[in-house]
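S.K.: I need the structure of the sequence given here:
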Amino acid sequence: MKRNRNGEIWEFEQQIIILQNNNINNNNKQVILGLDGGTTSTVCISIPLNDPLPDHDHPPSILARAVAGCSNHNSVGESAARETLEQVMAQVLQKCNATRSSVAAVCLAVSGVNHPTDQERIFNWLRDIFPNNVRLYVQNDAVAALASGTMGILHGCVLIAGTGSIAYGFTEGGKEARAAGAGPVLGDWGSGYGIAAQALTAIVRAYDGRGPETMLTSSILQILDLSSPDELIGWTYSDPSWARIAALVPVVVSCAEAGDEVANKILHDSVQELALSVKAVVQRLGLAGEDGNDSFPLVMVGGVLEANKNWDIGKEVMTCVSKDYPRAVPIRPKVEPAVGAALLAWQFFLKESHKEIYKR
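M.R.: Model (predicted):
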């Protein structure tokens with residue numbers, strides 16, 4: 001067993017080992033861990049290794065589930081991200097009466113994995129935690145979101161629009177491409193953060209006389225319990241966390257549904273940005289074929305894409321995409337991205353196991 005970087009987190013294992021040795025509540029079945037680490041929260045689930053392969057009608061059995069805070073190292077720093085990941089995995093294993101030695105494979109899909117160096121760094125975190133025989137896989141969280149809609153098959157395109165936004169795609173041959181997902185500074189303008197940040201900017205512009213009056217001013221000031229747009233500056237920079245800003249999206253949608261022109265323009269522009277991200281990925285990978293008429297799955301994930309009374313951003317994005325790619329098939333996953341991560345770990349584990357068998 002690897003050293004315990006946080007020994008207290010794993011103390012429960014000793015009791016489980018004692019129970020297993022005494023055949024009390026014995027559970028020696030191997031499990032797979034799937035983690036979805038986003039900007040807002042981190043979800044970890046465990047599934048049994050030896051269950052039948054799932055499909056859309058028969059999703060995998062969930063043995064345990066745990067939720068923790070942000071694990072994006074670009075947002076909260078490396079130490080806090082690492083701590084969160086370790087805690088949430090320990091919670092899941094404790095809930096299903098398993099130890100790290102019971103784990104066959106782990107797939108960690110986390111936002112902020114934008115380069116092979118990110119993957120290597122996080123892989124090393126996991127390698128410090130688990131025994132050497134455990135298979136470890138690190139992906140961007142968008143890959144798990146795609147897998148949640150395709151039941152672990154990496155083909156098609158996924159659009160995530162939550163706190164952040166990204167489009168990510170794979171060909172059947174394994175070629176991949178992405179668009180957006182560069183964080184708020186570099187322009188996730190179709191994201192929850194992007195929508196809310198534009199709303200706050202519109203309020204300041206209106207207050208200065210540089211932009212039109214908007215219902216956003218009274219609505220957002222009321223929800224934040226502020227008396228003047230001047231106070232938005234202090235509110236924003238006292239804690240400029242992405243999720244805190246993005247939480248204002250429902251107010252923007254409500255104002256748009258009430259007929260506010262500024263709010264409606266923000267949402268229309270966001271639809272265009274999200275659609276452009278999808279189109280960029282589809283074009284680079286040739287997912288729709290040379291004539292644009294081939295069918296491919298388009299998995300849509302995230303709170304921004306959920307329907308409201310009169311505004312359905314996801315539907316509007318699909319309408320824009322369909323003008324160029326009429327055979328794109330929208331998929332709203334029935335399972336969460338953490339399950340997609342577990343299914344990826346399962347698929348990767350089976351492929352590597354089969355290769356080893358053929359080598360013998």
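S.K.: Could you check how far residue 343 is from residue 197?
M.R.: 34 Å (C-beta to C-beta, to the nearest Å). (C-beta placed from N, C-alpha, C; glycine too.)
S.K.: Between those two, which has more neighbouring residues?
M.R.: Neighbour count, other C-beta atoms under 10 Å: between residue 343 and residue 197, residue 343 has more, with 26 against 21.
S.K.: Need the nearest residue in space to that one, chain neighbours excluded.
M.R.: Closest residue to residue 343 apart from its sequence neighbours, by C-beta to C-beta, 6 or more residues apart in numbering: residue 152 at 3.3 Å.
S.K.: Quick one: list the elements packing against the helix or strand where residue 149 lies.
M.R.: Element membership of residue 149 [criterion: DSSP states H and E] is helix 141-150. On a contact count with 3 or more C-beta pairs under 8 Å, 6 or more residues apart in numbering; DSSP states H and E, helix 141-150 meets strand 31-37, strand 103-110, strand 156-161, strand 165-170, strand 296-301, helix 337-359.
S.K.: For the ones you listed, which has the smallest mean pLDDT value?
M.R.: Out of those, helix 337-359 stands lowest, with a mean of 84 (criterion: mean pLDDT).
S.K.: Name the residues that touch that helix?
M.R.: 32-36, 43-47, 49, 53-54, 59-60, 62, 65, 104-109, 135, 137, 139, 141, 143-149, 151-154, 301, 333 (C-beta atoms under 8 Å, 6 or more residues apart in numbering).
S.K.: where does the stretch 51-200 of the chain have low pLDDT?
M.R.: Across the stretch 51-200 of the chain, nothing is flagged by pLDDT under 70.
S.K.: Show the backbone phi and psi for residue 163.
M.R.: phi -60, psi -40 (degrees, to the nearest 10).
S.K.: ok, it - contacts?
M.R.: Residue 163 neighbours (C-beta under 8 Å, 6+ apart): 38, 39, 40, 191, 192, 193, 242, 243, 246.
S.K.: Quick one: end-to-end distance for stretch 299-311.
M.R.: In stretch 299-311, first residue to last residue: 19 Å (C-alpha to C-alpha, to the nearest Å).
S.K.: for it, which positions count as buried?
M.R.: By neighbour count with 16 or more other C-beta atoms under 10 Å, stretch 299-311 contains the buried residues 299, 300, 301, 302, 304, 305, 311.
S.K.: I figured the fourth one was touching residue 158, is that so?
M.R.: Which is residue 302. No - Residue 302 is not in contact with residue 158 according to C-beta atoms under 8 Å; the separation is 9.8 Å.
S.K.: Put the alpha carbons of stretch 223-235 into CSV.
M.R.: Extracted in CSV, the C-alpha atoms of stretch 223-235 (Å, rounded to 0.1, in the frame of the first residue of the first chain):
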residue,chain,number,x,y,z
ILE,A,223,-31.1,39.5,-5.0
LEU,A,224,-27.7,40.6,-3.7
ASP,A,225,-29.3,42.9,-1.1
LEU,A,226,-27.4,45.9,-2.5
SER,A,227,-28.7,49.5,-2.7
SER,A,228,-26.6,50.9,-5.6
PRO,A,229,-24.7,49.7,-8.6
ASP,A,230,-21.6,51.2,-7.0
GLU,A,231,-21.8,48.4,-4.4
LEU,A,232,-21.4,45.8,-7.1
ILE,A,233,-17.7,46.6,-7.4
GLY,A,234,-17.1,45.6,-3.7
TRP,A,235,-19.4,42.6,-4.0
